[in-house]
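J.: Pasting the sequence and the predicted model now:
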Amino acid sequence: MSFSRGMARGLCVAVLLVGSARLSAQQALITLEVDASEAPRKIFHAHLSVPASPGPLTLAYPKWIPGEHGPTGPIADLVGLKFSAAGKLIPWRRDSSDMYLLHLDVPAGASSIEVSLDYLSPAEAGLFSSGSSATARLTLVSWNQVLLYPAGGKADEIRFAAALKLPAGWKYATALDVEKESSDGVRFAPVSLTTLVDSPVLAGAHLKAVTLEAGPPAHRLDIAADSAAALEISPALTAQYRSLVAETGALFGARHYRHYDFLLTLSDHTAHFGLEHHESSDDRTWEKTLGDEGRRRGLASLLSHEYVHSWNGKHRRPAGLATPDYQQPMVGELLWVYEGLTQHLGLLLAARSGLWTPEYYRERLALIAARLDNTAGRAWRSLGDTAVAAQILYPSPTEWRAWRRGTDFYDESVLVWLEADAIIRRQTQGRRSLDDFCRRFHGGQSGPPTLRPYTLDEVVNTLNEVAPFDWRGFVRDRIEKVEPRAPLGGIEADGWRLVYNETPNQGIKDQEEQNDRHDWTFSLGLQADKDDKIIDVIPGLPAAQAGLSPGMKLLAVNGRKWAPEAVQAALRASKTATQPIEIVAEDGESVRTFRADYHGGERYPHLERDPGKPDVLTAVIRPLAARR
């Protein structure tokens with residue numbers, strides 16, 4: 001098949017190593033053979049031949065992983081490393097100051113070195129692609145986990161010919177082109193290191209490909225699951241994902257890929273996240289997602305977000321993130337564009353494609369606005385600083401997250417870009433919108449993957465081309481300044497306002513069910529996990545004022561054993577009660593009683609129409625494809 005889909009008898013996990021940085025090994029073809037037959041045990045083996053010339057050689061293990069915005073390369077899981085030439089082992093040593101660099105000497109007379117190494121995939125642990133990626137029935141292969149390359153070499157100039165095996169009967173899906181398939185496995189067409197790292201492989205005993213668009217360019221939803229039953233997708237849901245493809249075309253006006261694969265992993269035993277690639281995306285979630293309405297809504301925004309990254313993140317990328325290799329530190333100051341605009345467009349496209357209803361889009365928007373408006377860390381940390389500090393915030397604890405601030409450049413930027421859209425519409429009397437910015441900034445000529453780095457100046461200049469305004473001042477006020485309150489200007493300009501009432505927010509209900517947690521953020525000001533342990537409290541709200549803190553285990557409320565129903569009863573009673581809500585909690589070896597002075601009942605955020613303004617928000621999320 002033209003885009004590397006089919007059956008093979010071995011598992012795909014590649015281990016790459018690029019040859020000599022001194023020789024013209026950057027132009028030489030490095031071959032590798034991978035035996036991943038032990039993938040169900042989370043063990044991967046590889047052997048490769050690297051062209052090299054005699055003398056010192058330094059090899060690098062990828063540290064800064066594209067899309068993960070930090071030095072997340074899982075080098076601790078690389079084991080069994082051996083180098084040899086002419087059948088003799090070559091000693092090696094690790095750099096004492098940079099753990100990701102390995103030094104060795106290529107012996108006289110050698111024209112290549114042989115490398116063997118193994119990679120141990122974590123068992124239900126870890127962040128992003130370095131987290132758990134394999135089960136007894138499937139795996140997602142991230143090539144950066146199992147490769148070395150010459151220090152100082154440019155990823156675009158280093159080329160590989162990779163071959164791999166799959167466990168018997170397993171199928172695979174990837175954006176890579178296949179050169180040959182046989183009973184021994186599959187060999188891919190030679191590609192650059194950049195393309196290889198950017199093209200993961202999904203494989204499993206239960207895998208099926210759903211054609212969303214025959215093309216060109218063709219689009220497929222490739223699903224691997226821990227059970228055959230989990231693969232079933234309804235015709236209605238398939239049609240909505242076809243609509244997602246159509247909506248992106250209408251929005252951007254060009255496609256910068258030869259074909260596109262949504263690589264969807266359905267498992268309760270892998271890390272859950274999404275990672276963008278130019279011609280595919282690595283999307284992982286719960287096994288029974290396709291049969292669960294709430295989880296399908298979560299999947300919709302995951303897939304749309306990672307898909308948008310093909311334009312905003314891969315084709316257009318901040319110059320500080322467009323590094324020539326995987327060792328240079330990435331500068332994340334424009335992540336409010338890279339991730340923030342993508343977050344906004346991902347939610348928008350979920351609504352435009354029909355994957356979300358307009359009502360659900362508004363529920364999620366209200367939840368974003370309310371959470372940010374109740375983030376104590378806004379009083380000391382700017383949105384821009386959360387972007388610059390991304391590498392330390394991704395792995396930061398959940399405890400005191402509201403005070404610390406997390407990677408808020410995702411959700412707060414939704415509000416920022418919604419306001420930018422409102423300004424464009426106002427400045428042009430409705431003739432233009434943020435859609436015009438996206439088409440101008442991310443569009444152009446369709447074709448194979450290309451990269452066009454950008455700076456803040458280009459973002460500002462393009463916004464001014466669409467609608468003249470003080471956009472640099474807008475960036476200063478929304479991104480660089482410390483502002484205790486959330487930027488609600490876009491919601492309000494679009495004819496809606498944030499309100500709170502006793503009706504549960506569907507977005508909160510979905511997140512509670514998916515994450516096994518309980519959320520009383522907007523009443524008591526705390527969240528707890530399924531075992532009633534406090535995840536976080538919101539400084540300034542009743543739980544924090546009463547002295548409760550993360551890590552405590554909740555035991556009772558108003559004399560009743562702690563349970564969601566008991567909390568709801570206490571909240572309802574608080575509206576007429578004169579006494580504080582009494583909460584008993586276990587704090588280490590101590591059991592303590594806390595009194596939360598709260599009398600507001602159940603409280604959840606929603607968007608309410610402002611009758612004094614036109615309803616622009618409904619026009620914002622109206623499908624675009626049918627209008628072109």
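T.: The structure has been received and is ready for your questions. Everything quoted here is computed from the prediction, not taken from an experiment.
J.: ok, residue 395 - contacts?
T.: Applying Cβ atoms under 8 Å, 6 or more residues apart in numbering, we find residue 395 in contact with 70, 127. The C-beta positions use only the backbone N, C-alpha and C, and glycine is treated the same way.
J.: What of residue 382?
T.: Applying Cβ under 8 Å, 6+ apart to residue 382 gives the contacts 479, 480, 481, 482, 483.
J.: For it, give me the backbone phi and psi.
T.: The phi/psi pair for residue 382 (degrees, to the nearest 10) reads phi -80, psi 160.
J.: related to what we said a few turns ago, quick check, nearest of the contacts of residue 382 to residue 228?
T.: Ranked by distance to residue 228 (Cβ to Cβ), those are led by residue 479 at 47.5 Å.
J.: Would you check that the closest one makes contact with residue 386?
T.: No: using Cβ atoms under 8 Å, residue 479 is not in contact with residue 386; the gap is 9.8 Å.
J.: returning to what we had before: just flag the most distant two among the contacts of residue 382.
T.: With distances taken as Cβ to Cβ, the most widely separated pair in these is 479 and 482, at 10.9 Å.
J.: can you map out the helices along the stretch 101-250 of the chain?
T.: Using DSSP state H, counting those that start in this stretch, the helices found in the stretch 101-250 of the chain span residues 193-197, 235-252.
J.: Does the shortest one pack against any helices or strands, and if so which?
T.: The elements that helix 193-197 packs onto, with contact taken as 3 or more Cβ pairs under 8 Å, 6 or more residues apart in numbering; DSSP states H and E, are strand 147-150, strand 159-164.
J.: which one of these lies closest to residue 498?
T.: The nearest among the helices and strands packed on helix 193-197, by Cβ to Cβ, is strand 147-150 at 47.4 Å.
J.: Alpha carbons only: can I get the closest one in PDB?
T.: Extracted as PDB, the C-alpha positions of strand 147-150 are listed here (Å, rounded to 0.1, in the frame of the first residue of the first chain):
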ATOM      1  CA  LEU A 147      18.300   5.700  18.500                       C
ATOM      2  CA  LEU A 148      21.600   7.400  18.800                       C
ATOM      3  CA  TYR A 149      23.000   9.800  16.200                       C
ATOM      4  CA  PRO A 150      26.300  11.700  15.700                       C
END
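J.: strands paired with it, and their directions?
T.: strand 16-17 (parallel), strand 55-60 (antiparallel) (DSSP bridges).
J.: can you tell which of the ones you listed is closest to residue 107?
T.: Judged by Cβ to Cβ, the one of the strands paired with strand 147-150 that comes nearest to residue 107 is strand 55-60, at 9.4 Å.
J.: Of the contacts of residue 382 - the most surrounded one?
T.: Within the contacts of residue 382, residue 479 tops the neighbour count with 25 neighbours, counted by other Cβ atoms under 10 Å.
J.: isn't there a strand covering it?
T.: No: counting by DSSP: H, G, I helix; E, B strand; the rest coil, residue 479 is not part of a strand but helix.
J.: Per-residue confidence at the spatially closest residue to residue 91 that is not a sequence neighbour, what does it come out as?
T.: In space, and not counting its chain neighbours, residue 91 is closest to residue 104: 6.7 Å by Cβ to Cβ, 6 or more residues apart in numbering. pLDDT for residue 104: 96.
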